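Undergrad: Predicted model and sequence below, questions to follow.
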Protein chains: 2
Amino acid sequence: MWQLFQFPLCPFSRKVRLMLGEKGVGYELVRESPWTRRDEFLDLNPAGQTPVIVQGQVALADSNAICEYFEETIDKAPMIAGSAPARAEIRRLVAWFDEKLYGEVVRPLMEERMLKRLVHRTSPDAKAIRDAMKQANAHLDYIDWLLDHRRWLGGPVLSLADLAAAAHLSVADYLGGIDWRGHEQSKQWYSGLKSRPSFRPMLGERMEVIGPPDHYDKVDFWE
Amino acid sequence: MWQLFQFPLCPFSRKVRLMLGEKGVGYELVRESPWTRRDEFLDLNPAGQTPVIVQGQVALADSNAICEYFEETIDKAPMIAGSAPARAEIRRLVAWFDEKLYGEVVRPLMEERMLKRLVHRTSPDAKAIRDAMKQANAHLDYIDWLLDHRRWLGGPVLSLADLAAAAHLSVADYLGGIDWRGHEQSKQWYSGLKSRPSFRPMLGERMEVIGPPDHYDKVDFWE
């Protein structure tokens, strides 16, 4: 059985978990708090970041290296499918969500609402949270736009682009950073993802000290 | 013919150019200064970043999506080769260099020594440059360590991991941020890469206003 080193609000671990769930790969969770910089974990991944996934002598780090590994080794539920340009578009969007959505929205929310409470023991910066929520709105606009042109974010079928976006948005949503009003396409798309068996287990998990808003784990979250 | 939108000191464009060079894919350079945020370029890539590569109706953005595209479509000179775990290790290292080496060394050097001169018209921050050079030293230590254990950075054969590392180091070296002393393994490895036909054309190119140190374009750069 694979062991996945992660913590409940790690968006990159969530992306990998959605991938593993869609592909039907079993794994057990190992709680890792990367901010403690535990020596044994740094030996597994010098970057000191979750997720890392281990089975026997195989230890894989970096969420995209992990996703590509399972895409290559498990035929079920291809998540980077289609022609070479279609695959490039999926990967472009994964990078977009991993860099832009994470960097502009998820990382500042995690810093202000999770790490400052859990690790640094300081007060959150209200302006940083407002800025992140404003950026979140722009990202939902882009997702609405993609869904106006495509059935799923990366093209005609569910792909790693959807899993990456949903992983990041789910963490931002847990941290109260998403205002879904006015984003009907994004809401319906996200509601569909939330109801998938790959997604549901994560919605029940909680990070110590910090609770999510009421709508967080409800599939029909806007009524 | 592919058109590659880039500027001379873009490390991610250099990674793609090394890949295209190794694979023998022809392309022409189109100069793009992403900091001007040109509308037509933002239409090609909403992230506003180089590289973007275009041929006919196909426009690809994000350096790793581009590299994976050419790895999939051009059999010559595989750069993500081997078993699935070996490929995951190559991708882990590419992410390491693209995130850590870039974020800790290349981006601050580009900010202080290129953008502040070319765009912001302010003075560089000497402490930021010292910090970047200190981080560069730590990265060379890690590359030395990898080369103590492997023929190439990602394993027994030349891979995208080498191209990514060399692309970032070449920009840092151009900007005077690399002190090669005490890093014999890294120097020999980098010297070998510099002498490859895929690399040599880049060494002759110059960014306006900013010149490289004397050793920059010499293959035997330490004598």
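TA: Yep, it's here. Fair warning: this is a prediction, and the values are worked out from it, not measured in the lab.
Undergrad: where does the nearest residue to A:Tyr27 once chain neighbours are set aside land on pLDDT?
TA: Excluding its sequence neighbours, the residue lying closest to A:Tyr27 (Cβ to Cβ, 6 or more residues apart in numbering or on different chains) is A:Trp2, at 4.0 Å. No exception for glycine: its C-beta is placed from N, CA and C like everyone else's. Note on A:Trp2: pLDDT of 98.
Undergrad: Kindly report the same for the one 3 residues further on.
TA: The predicted local confidence for A:Phe5 comes out at a pLDDT of 98.
Undergrad: again with the one 3 residues further on
TA: Looking at A:Pro8, its pLDDT is 96.
Undergrad: do you know how far it is from chain B?
TA: Separation of A:Pro8 from chain B (Cβ to the nearest Cβ, to the nearest Å) stands at 23 Å.
Undergrad: show me the contacts for that residue.
TA: By Cβ atoms under 8 Å, 6 or more residues apart in numbering or on different chains, A:Pro8 lies in contact with A:202, A:205-207.
Undergrad: That one: which element?
TA: Using DSSP states H and E, A:Pro8 maps to neither a helix nor a strand.
Undergrad: A:Ala59 too?
TA: Using DSSP H and E, A:Ala59 maps to strand A:58-61.
Undergrad: Now do that strand: which elements does it pack against?
TA: Packing contacts for strand A:58-61, counted by 3 or more Cβ pairs under 8 Å, 6 or more residues apart in numbering or on different chains; DSSP states H and E, involve strand A:52-55, helix B:84-96.
Undergrad: before we move on, back to that, how about the residue nearest to A:Tyr27, what does it touch?
TA: Counting by Cβ under 8 Å, 6+ apart, A:Trp2 has contacts A:20, A:25-28, A:53-55.
Undergrad: returning to that earlier point: buried among the contacts of A:Pro8? Need that as a selection in PyMOL.
TA: Buried subset of the contacts of A:Pro8, written as a PyMOL selection, criterion 16 or more other Cβ atoms under 10 Å in any protein chain shown:
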select buried, chain A and resi 202+207
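Undergrad: what's the closest of the contacts of A:Pro8 to chain B?
TA: Closest approach to chain B among the contacts of A:Pro8 (Cβ to the nearest Cβ): A:Met202, at 23.2 Å.
Undergrad: Within range of chain B, give me the residues from chain A.
TA: A:46-47, A:58, A:60-62, A:64-66, A:68-69, A:72-73, A:84-85, A:87-89, A:91-92, A:95-96, A:99-100, A:142 (Cβ under 8 Å from any Cβ of the partner chain).
Undergrad: Could I get the full set of helices for chain A?
TA: Listed in chain order, the helices of chain A (DSSP state H) span A:11-23, A:39-44, A:63-73, A:84-96, A:107-110, A:126-149, A:160-174, A:184-194, A:200-203.
Undergrad: Only alpha carbons, please: show the longest one as PDB.
TA: When you say that, I think you mean helix A:126-149. Listed next in PDB are the C-alpha coordinates belonging to helix A:126-149 (Å, rounded to 0.1, in the frame of the first residue of the first chain):
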ATOM      1  CA  ALA A 126      -6.900  41.600   7.100                       C
ATOM      2  CA  LYS A 127      -5.600  43.300   3.900                       C
ATOM      3  CA  ALA A 128      -3.700  40.200   2.700                       C
ATOM      4  CA  ILE A 129      -6.900  38.200   3.200                       C
ATOM      5  CA  ARG A 130      -9.000  40.800   1.300                       C
ATOM      6  CA  ASP A 131      -6.400  40.800  -1.600                       C
ATOM      7  CA  ALA A 132      -6.500  37.000  -1.800                       C
ATOM      8  CA  MET A 133     -10.300  37.000  -1.900                       C
ATOM      9  CA  LYS A 134     -10.200  39.600  -4.700                       C
ATOM     10  CA  GLN A 135      -7.800  37.400  -6.600                       C
ATOM     11  CA  ALA A 136     -10.000  34.400  -6.000                       C
ATOM     12  CA  ASN A 137     -12.900  36.300  -7.700                       C
ATOM     13  CA  ALA A 138     -10.700  36.900 -10.800                       C
ATOM     14  CA  HIS A 139      -9.800  33.200 -10.800                       C
ATOM     15  CA  LEU A 140     -13.400  32.200 -10.700                       C
ATOM     16  CA  ASP A 141     -14.100  34.600 -13.600                       C
ATOM     17  CA  TYR A 142     -11.400  32.700 -15.600                       C
ATOM     18  CA  ILE A 143     -12.900  29.300 -14.600                       C
ATOM     19  CA  ASP A 144     -16.400  30.600 -15.600                       C
ATOM     20  CA  TRP A 145     -14.900  31.700 -19.000                       C
ATOM     21  CA  LEU A 146     -13.300  28.300 -19.500                       C
ATOM     22  CA  LEU A 147     -16.600  26.500 -18.700                       C
ATOM     23  CA  ASP A 148     -18.400  28.800 -21.300                       C
ATOM     24  CA  HIS A 149     -16.100  27.300 -23.900                       C
END
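Undergrad: Show me which residues of it are buried.
TA: Across helix A:126-149, burial judged by 16+ other Cβ under 10 Å covers A:129, A:132-133, A:135-136, A:139-140, A:142-144, A:146-147.
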